[in-house]
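**Student:** What follows is a predicted structure for the sequence shown.
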Amino acid sequence: QVQLVESGGGLVQAGDSLRLSCAASGRTLSSYHIGWFRQAPGKEREFVAAIRWSGVSTYYADSVKGRFTISRDNAKNTVYLQMNSLKPEDTAVYYCAAKLYASGSKYSPGSYVYWGQGTQVTVSS
């Protein structure tokens with residue numbers, strides 16, 4: 001089992017920054033991808049970014065590339081999502097999730113087994 005807890009959401013203005021955290025506990029994560037997804041009201045959950053727990057590979061949705069950065073702190077068992085130049089269309093509940101490397105596409109929410117409870121990000125114009 002892997003437990004994931006997100007934090008860091010809030011209400012900000014367009015152009016501001018936020019950093020989300022995803023604290024992981026449970027089994028070792030060396031064989032996992034950790035992904036960030038978001039879901040706006042009335043929309044499907046969509047991929048935002050992902051990182052391999054071991055290694056340096058990172059992956060981003062085109063809509064956030066150049067604005068968001070995913071990173072991890074292995075010592076703290078935490079993955080971060082630094083979000084800069086936020087836009088109103090970034091408003092959503094943000095979730096972190098975990099999947100085994102070989103278990104499906106890193107871009108698909110259906111591939112992820114473990115999910116956090118989500119944190120709300122609201123960007124006003």
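**Tutor:** Ah, there it is.
**Student:** so what's the most centrally placed residue in the chain bridging to?
**Tutor:** Most central in the chain under Cα atoms, centre = their mean is Trp36, positioned 2.0 Å from the mean C-alpha point. Beta bridges link Trp36 to Ala49, Cys96 when assigned by DSSP bridges.
**Student:** How far away from the center of its chain is stretch 86-96?
**Tutor:** Distance of stretch 86-96 from the chain centroid (Cα atoms, centre = their mean, to the nearest Å) equals 10 Å.
**Student:** I meant stretch 23-33, not that one.
**Tutor:** In terms of Cα atoms, centre = their mean, the centre of stretch 23-33 is found 14 Å from the chain centre.
**Student:** Now that stretch: average pLDDT?
**Tutor:** Mean pLDDT, computed over stretch 23-33, is 88.
**Student:** now the end-to-end length of that stretch.
**Tutor:** With Cα to Cα, to the nearest Å as the measure, the first residue of stretch 23-33 is 14 Å from its last.
**Student:** what number of residues lie near the nearest residue to Asp73 once chain neighbours are set aside?
**Tutor:** Among residues not flanking Asp73 along the chain, Tyr80 sits closest, at 7.3 Å (Cβ to Cβ, 6 or more residues apart in numbering). For glycine as for every other residue, the C-beta is placed from the backbone atoms N, C-alpha and C. If you count neighbours by other Cβ atoms under 10 Å, Tyr80 ends up with 19.
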